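Peer 1: take this sequence and fold it.
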Amino acid sequence: MKLLNRLLSVIFISRFGQVLVFLVVSSNERAIYPFFCQFFIPIYYAAPACFYLYATCFIAGRTQLQKFEWFHFVPFFLAIVHVLPWPFSPAVKWDAIVAQILDNKQLFITEPSGLFPSWFYYLGRPFLLLAYLVATWVTILKSKVSADGKKWIFFFLRTATFFQLTSFFPLVIWNSEEPLFNALFILLNCMVLLAIVIFVMHQPKLFYGYLFVAVDMEGNETVVGDDIEEVKKLAKPVVSAKKLNLMPDQLSAYSDLMKSFMENKKPYLQSNFQIVDLANEINIPVHQCSFVINNFLKRNFRDWINSYRIDFFIKEYPLKSNRMTIEAVAYESGFKSLTTFYNAFKKETGLMPKAFFSQK
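Peer 2: Below is the predicted model:
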């Protein structure tokens, strides 16, 4: 989820930069315009790649980029080189650039804005935008995603496509001096944005698990010391399978997937492993993970993951007791504190560790 949020944030920042630059140019603060222009140009070149990578990572359920995918950011690094104040860079005619922005041609500035020729901007940026837009559509149309995921990714794609294509609107009115066209362009953008906001207000589940993540980190054990910061109740567990639209066979499948991941990957050995991490790894929304654990497995997440840690401890301690203490093996099993370990052990076995092993 962190990767997707970071990619998405670059897209939002890029759009914000376009609006901010236009507002600065339209105001009386044009002296600071060159700074904002040069600052956002590299982000403009990164946004199309982030748009594509967001879609591909979302579909594949990946939490990190593959090595070859970093090549998508070559234009971004070239843009950084472009805007750096090199001693041999040509002088930038900021007044001419401001005039073109006021004509709503921000995507098609024909004046050089840095080291490279003007075509680097007015041809390079539109090319990247269209190329990644087409690649994203092709990737999504060929993919197979769940119904909920499909609904979100197509909403994201259609919305982004509209706002990206509106950047080409000035080509239609390139030679027009009628202010009516600019007014209609701005009005159209505002109307679409308003329609999206209204739609989202009536479809809150569209974002649930993709942009807004419900986190359930509740626990019932006695908490002292370092454990206080672990146990926070950020969301109430969902109590109705009907609201989640999960069928019994889907609940069983999710349960098997979660158990298989825990048994094979052993993430519980990480003391800071949380339900959010589990959801990211198996590509299931957090609220659905929480529901399966609370209502299908009949436990809360803290007790459930501690049960795996206790099982691991019971298997490992007899093999290491001659060279490691109980406490050392407990830390190795994923427990962050001894209090949590002893409480969990008593809860799972009904005995304290020494009493338990004395019966063996």
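
Peer 1: what is the burial count for residue 53?
Peer 2: 25 (other CB atoms under 10 Å). C-betas here are computed from N, CA, C, even on glycine.

Peer 1: so it sits against residue 62, correct?
Peer 2: No: counting by CB atoms under 8 Å, residue 53 stays clear of residue 62, with 9.5 Å between them.

Peer 1: quick check: next helix or strand after the worst-scoring helix or strand of the chain on mean pLDDT?
Peer 2: Ranking every helix and strand in the chain by mean pLDDT, DSSP states H and E puts helix 241-244 at the bottom, with a mean of 48. Downstream of helix 241-244, the first helix or strand assigned by DSSP states H and E is helix 248-265.

Peer 1: following element in sequence after that next one, please.
Peer 2: Following helix 248-265 toward the C-terminus (DSSP H and E): helix 275-282.

Peer 1: relative to helix 248-265, how tilted is that next one?
Peer 2: 100 degrees (axes from the mean of the first three to the mean of the last three CA atoms, to 10 degrees).

Peer 1: and residue 36, how many neighbours?
Peer 2: Neighbours of residue 36 (other CB under 10 Å): 16.

Peer 1: and the pLDDT for it?
Peer 2: Note on residue 36: pLDDT of 89.

Peer 1: mind checking how far residue 3 is from residue 43?
Peer 2: 18 Å (CB to CB, to the nearest Å).

Peer 1: who has more neighbours out of these two?
Peer 2: Between residue 3 and residue 43, counted using other CB under 10 Å, the more crowded position is residue 43 (19 against 16).

Peer 1: right, and that one touches residue 10 too?
Peer 2: Yes: counting by CB under 8 Å, residue 43 touches residue 10, with 6.5 Å between them.

Peer 1: please enumerate the shared neighbours of those two.
Peer 2: Common contacts of residue 43 and residue 10 (CB atoms under 8 Å, 6 or more residues apart in numbering): none found.

Peer 1: quick one: low-confidence parts of the protein?
Peer 2: 1, 61, 104, 145-149, 169-190, 192-246, 360 (pLDDT under 70).

Peer 1: buried residues in stretch 256-274, which are they?
Peer 2: Buried positions in stretch 256-274, judged by neighbour count with 16 or more other CB atoms under 10 Å: 258, 262, 267, 268, 273, 274.

Peer 1: excluding its backbone neighbours, what's nearest the fifth one?
Peer 2: Nearest-residue entry for residue 273: residue 267, 4.9 Å, with adjacent residues in sequence omitted and distances by CB to CB, 6 or more residues apart in numbering.

Peer 1: how near is the nearest residue to residue 89 once chain neighbours are set aside to residue 92?
Peer 2: In this structure, residue 89 finds its nearest non-sequential neighbour in residue 115, 4.9 Å apart by CB to CB, 6+ apart. According to CB to CB, residue 115 and residue 92 sit 10 Å apart.

Peer 1: also residue 302?
Peer 2: Note on residue 302: its distance to residue 92, by CB to CB, is 58 Å.

Peer 1: can you check residue 264 too?
Peer 2: In terms of CB to CB, residue 264 sits 57 Å off from residue 92.

Peer 1: isn't residue 357 up against residue 329?
Peer 2: No: Residue 357 is not in contact with residue 329 according to CB under 8 Å; the separation is 11.3 Å.

Peer 1: more neighbours, those two?
Peer 2: residue 329 (21 against 14).

Peer 1: quick one: what helix or strand has that one in it?
Peer 2: Short version: residue 329 belongs to helix 326-332, going by DSSP H and E.

Peer 1: centre of the chain to that helix, how far?
Peer 2: 35 Å (CA atoms, centre = their mean, to the nearest Å).

Peer 1: ok, the residue nearest to residue 89 - how many residues close by?
Peer 2: Around residue 115 there are 16 residues (other CB under 10 Å).
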